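Chemist: What would the 3D arrangement of this be:
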Amino acid sequence: MGGLFRHVLDLAGEQARAGHDVGIICARSGGERASRQLADISPRLRLGVARLHMPRLPGPVDMEALTQVRARVRELGADIVHGHGAKGGLYARLAASGASWGARAVYTPHGGSLHYSWRSPAGAVFLLAERWLLGRTRGLVFVCEYERDAFFAKVGRAEVPFRVVHNGLRAEEFTPAPAGNDAADLLFVGELRDLKGVDVLIAAIARLHAQARPVTACIAGDGPDRETFERLVREHGLERYVSMPGAMPAREAFGLGRVMVVPSRAESFPYVVLEAQAAGKPVIATHVGGIPEMLPEEALVIPGDAAALAEKIVAVLDDPQAEQAALERAQALRERFSITRMAREITAFYETLA
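Modeler: You can find the predicted model right below:
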């Protein structure tokens with residue numbers, strides 16, 4: 001239910017609205033929320049929605065899933081088979097490569113295999129597979145320049161046409177989401193796992209408390225490291241100052257804090273940074289992945305550095321112009337990061353491959 005799923009729904013919906021025949025083939029995972037969102041979009045997709053058993057990691061079930069994807073692509077006679085993520089990219093390229101009518105395979109990594117290194121056994125297998133599949137790829141679409149550079153460095157360039165198309169938001173998301181009267185000073189929204197740097201945020205808050213600056217925070221989300229972060233809050237004696245209400249839609253969470261903090265150790269092109277800016281929230285984030293492509297340098301800090309993060313937090317909280325500047329930035333980003341522009345550019349890229 002992360003950024004990849006949202007990207008696919010937004011892209012398919014906009015392409016269908018523009019008059020194209022679009023369908024989605026995806027996994028059965030995602031729970032009730034995924035089912036509801038797919039049911040909502042299904043009536044607009046002339047090629048329908050097919051949900052298959054697709055395991056996250058490689059295994060024997062992949063052959064059965066690939067057979068079903070190939071049958072679906074053949075039945076639809078699709079011109080473009082656009083694979084998203086490492087597993088989607090695998091199925092799409094193998095399904096399109098045997099199509100007698102000339103179906104063209106396009107691939108968007110969304111991080112995927114690029115999170116791995118050639119130095120690890122699993123990474124070497126995944127990256128070798130990516131390199132082999134490059135010969136079955138007619139076009140590459142990257143969601144940010146960082147992802148493009150990582151792909152070329154780890155997998156290779158080859159002679160495959162590519163385009164960088166940033167993610168976009170719906171028009172209604174570019175409306176202010178003011179903090180409530182009882183909002184915390186700081187807000188984190190995302191998955192609670194080590195990669196997201198929540199421990200660094202907690203350490204920065206503890207540092208500020210030690211300096212007689214008792215800031216408050218709301219950490220909205222859930223994930224495998226939730227208990228670890230709850231323990232850190234207790235160890236620092238921050239139970240009265242840090243709330244953890246659980247997972248909720250970002251838009252709903254934006255009213256719970258004044259300043260959005262994204263302390264990730266690694267990212268690709270996280271939607272939450274775009275969403276927070278569109279909602280007029282001041283944002284502090286780490287200088288990782290594609291985040292510098294959507295935030296000014298003065299909003300960025302080094303990942304893993306609690307002292308630098310604490311210093312930046314004080315600077316933003318004490319800036320009387322921070323909220324007004326955030327509102328002005330939201331309006332400036334409206335056209336650059338719209339889903340209409342995103343879908344239009346990706347569809348135009350498909351046409352160059354004909």
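
Chemist: Look up the closest residue to A285, ignoring the ones flanking it.
Modeler: The shortest distance from A285 to any non-neighbouring residue, by C-beta to C-beta, 6 or more residues apart in numbering, is to V262 (3.9 Å). C-beta here means a position set from N, CA and C on the backbone, and glycine is covered the same way.

Chemist: How many residues are close by the one you found?
Modeler: When neighbours are defined as other C-beta atoms under 10 Å, V262 has 26 of them.

Chemist: how far away is P224 from S29?
Modeler: If you measure P224 against S29 using C-beta to C-beta, to the nearest Å, the figure is 16 Å.

Chemist: How about V22?
Modeler: In this view, V22 and S29 are 21 Å apart by C-beta to C-beta.

Chemist: Neighbour count for the two, which is higher?
Modeler: For V22 versus S29, the count of surrounding residues by other C-beta under 10 Å is larger for V22: 23 against 13.

Chemist: contacting residues around V283?
Modeler: V283 makes contact with V259, M260, V261, V262, V273, A276, Q277, L295, A299, A326 under the criterion C-beta atoms under 8 Å, 6 or more residues apart in numbering.

Chemist: right, and the fifth one touches A285 too?
Modeler: Yes - under the criterion of C-beta atoms under 8 Å, V273 makes contact with A285 at 5.8 Å.

Chemist: Mind listing the shared neighbours of the two?
Modeler: Contact with both V273 and A285 is made by residues V262, I291, L295, according to C-beta under 8 Å, 6+ apart.

Chemist: Phi first, then psi, for R226.
Modeler: Dihedral angles phi and psi of R226 (degrees, to the nearest 10) take the values phi -60, psi -50.

Chemist: Sorry, wrong one. I was asking about G257.
Modeler: Geometry field for G257 lists phi and psi as phi -150, psi 150, criterion degrees, to the nearest 10.

Chemist: What sits closest to it if chain neighbours are left out?
Modeler: Once its chain neighbours are removed from consideration, G257 has its nearest residue in L187; the separation is 2.5 Å (C-beta to C-beta, 6+ apart).

Chemist: again, but for L133
Modeler: Distances taken as C-beta to C-beta, 6+ apart put R93 closest to L133, at 5.0 Å, once the chain neighbours are dropped.

Chemist: burial measure for that neighbour, as a count.
Modeler: Burial of R93, expressed as a neighbour count using other C-beta under 10 Å, amounts to 21.

Chemist: do the same with the one 3 residues further on
Modeler: By the criterion of other C-beta under 10 Å, A96 has 25 neighbours.

Chemist: got a list of what it touches?
Modeler: By C-beta under 8 Å, 6+ apart, the contact list for A96 reads V73, A78, V81, A103, R104, A105, R136, R138.

Chemist: What strand or helix carries the residue lying closest to the fourth one once chain neighbours are set aside?
Modeler: Counting by C-beta to C-beta, 6+ apart, A96 is the residue found nearest to A103 once chain neighbours are left out, at 4.3 Å. According to DSSP states H and E, A96 maps onto helix 85-97.

Chemist: Look up phi and psi at the most far-flung residue of the chain relative to its centre.
Modeler: Residue distances from the centre of the chain (C-alpha atoms, centre = their mean) peak at A212, which lies 36.0 Å from the mean C-alpha position. Phi and psi for A212, reported as degrees, to the nearest 10, are phi 60, psi 30.

Chemist: go on, the one 5 residues further on?
Modeler: The phi/psi pair for A217 (degrees, to the nearest 10) reads phi -150, psi 150.

Chemist: In the stretch 201-350 of the chain, mark out all the strands, start to finish.
Modeler: Using DSSP state E, counting those that start in this stretch, the strands found in the stretch 201-350 of the chain span residues 217-220, 242-243, 257-262, 283-286, 300-301.

Chemist: So for A153, which of the ones you listed sits nearest?
Modeler: Closest to A153 of these, according to C-beta to C-beta: strand 283-286, at 20.3 Å.
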